[in-house]
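Enquirer: only the shape, not the letters, is given here:
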């Protein structure tokens, strides 16, 4: 179906489309990402069938979300420990199979809320092994000169899965419930997505030229975590790139909260806040497509700095506009800026990290990103209530400019040579 990658110069997405193993990985992660988003919707849908005390419905939703998000904070680095010791394909395929089988098992257990919490916690925990393995797998399948295009493709499909997954989650589950039965139809569809992802990635042939000795196979999570931290302290370039990615995810997490109030400001219903996030996602896809196709011609430009300035500009002027169409255009513009940060920085980390450190570094990155996505959710709401939406957005704009300029001044001498 896809021939092996030819020995040719970089020509953007064209070369990647001829790389069979990479395409299988890309399609597998796309289906797996969709599975993650639809599973999240499934958890909310299942609560209707679980008994709860009068007036405790909102508390159950909050508790379920905590059970689903806490593993990302607790075990964000743990996956990387295994990635350095075991085959990447085994970890990714195994993660999908476990999540698929556990999702299929939900209907066979008693409808007790504590049981649903356990399923949410375990499935979310297993997900923490998939992400670092996936990031470590890309450099094994793609030549160094094509990493920018590869990360552009992954970033665009990740945002696409985020937008599409939440949009189609409810219709898919409703259709499954009607066609396949109320008792197990929804779980069957979500479990099938995970198992389909595992099947897609099974034929991938990784070139991992190392064997796992008994000594290497022994897991020392804390020691490995400290080793990865020491490596990042020594390699300030990778640490700086990770800081920029973390800042980017913090901004998007805060926007997830702020867009709910922004929807009301523009006369929309609060539940229509997804329009703004979808517009940002479209912008990220567009920006990633530009980088994937013309990235080799843009590598000498200060892309991350331009991206941070674009985001800061949007945040600064957002509350001064009252036109919905203009607001959506600004969100798309913000998404383009985000792609100029995320794609080059992820490519830099992959290029500059030696294979034996892939798991530790990507595990630490996964941990940092998960915290960056969680912390703003807790503090943005109270800050907005205390200071007002405009003050928070302008304050975020100032922080983004400061971080962007500081990061670029620390890396501008070397970024042009490695991206």
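Expert: Structure's in. What do you need? Since the structure is predicted, the reported quantities are computational estimates derived from the model, not experimental observations.
Enquirer: nearest residue to residue 27 in space, ignoring adjacent ones along the chain?
Expert: residue 200 (5.2 Å; C-beta to C-beta, 6 or more residues apart in numbering). Bear in mind the C-beta positions are built from the backbone N, C-alpha and C, glycine included.
Enquirer: just want the most central residue of this protein.
Expert: Centroid-nearest residue in the chain, with C-alpha atoms, centre = their mean: residue 158, separated by 6.4 Å.
Enquirer: contacting residues for that one?
Expert: Shown in contact with residue 158 (C-beta atoms under 8 Å, 6 or more residues apart in numbering): 29, 33.
Enquirer: for the one helix or strand residue 314 maps to, packing partners?
Expert: Using DSSP states H and E, residue 314 sits within helix 303-317. Packed against helix 303-317 by the contact rule (3 or more C-beta pairs under 8 Å, 6 or more residues apart in numbering; DSSP states H and E) you find helix 236-265, helix 324-352, helix 389-418.
Enquirer: can you give me the buried ones in the following helix or strand past the first one?
Expert: Okay, so that is helix 236-265. Past helix 236-265, further along toward the C-terminus, the next helix or strand under DSSP H and E is helix 274-298. For helix 274-298, burial by neighbour count (16 or more other C-beta atoms under 10 Å) applies to 274-293, 295, 298.
Enquirer: need the phi and psi values for the nearest residue to residue 113 once chain neighbours are set aside.
Expert: Distances taken as C-beta to C-beta, 6+ apart put residue 50 closest to residue 113, at 5.1 Å, once the chain neighbours are dropped. Note on residue 50: its backbone torsions stand at phi -110, psi 130 [degrees, to the nearest 10].
Enquirer: hmm, residue 50 is touching residue 114, no?
Expert: No - contact between residue 50 and residue 114 fails when scored by C-beta atoms under 8 Å: they sit 9.7 Å apart.
Enquirer: more neighbours: which of the two?
Expert: residue 50 (15 against 10; other C-beta atoms under 10 Å).
Enquirer: list the contacts of the more buried one.
Expert: By C-beta under 8 Å, 6+ apart, the contact list for residue 50 reads 60, 111-113, 116.
Enquirer: okay if I get those residues as a markdown table plus pLDDT and distance to residue 305?
Expert: Output for those, formatted as a markdown table (pLDDT from 0 to 100; distance: C-beta to C-beta, whole Å):
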| residue | pLDDT | distance to residue 305 |
| --- | --- | --- |
| 60 | 77 | 45 |
| 111 | 88 | 53 |
| 112 | 89 | 52 |
| 113 | 88 | 48 |
| 116 | 92 | 45 |
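Enquirer: farthest pair within these?
Expert: 60 and 111 (12.8 Å; C-beta to C-beta).
Enquirer: where does the stretch 101-250 of the chain dip in pLDDT?
Expert: For the stretch 101-250 of the chain, applying pLDDT under 70 flags the ranges 159-160, 162-163, 166-167, 208-225.
Enquirer: do that again at 90, thanks
Expert: By pLDDT under 90, the low-scoring segments of the stretch 101-250 of the chain are 111-113, 128-129, 131-136, 139-140, 143-174, 177-178, 180-184, 205-250.
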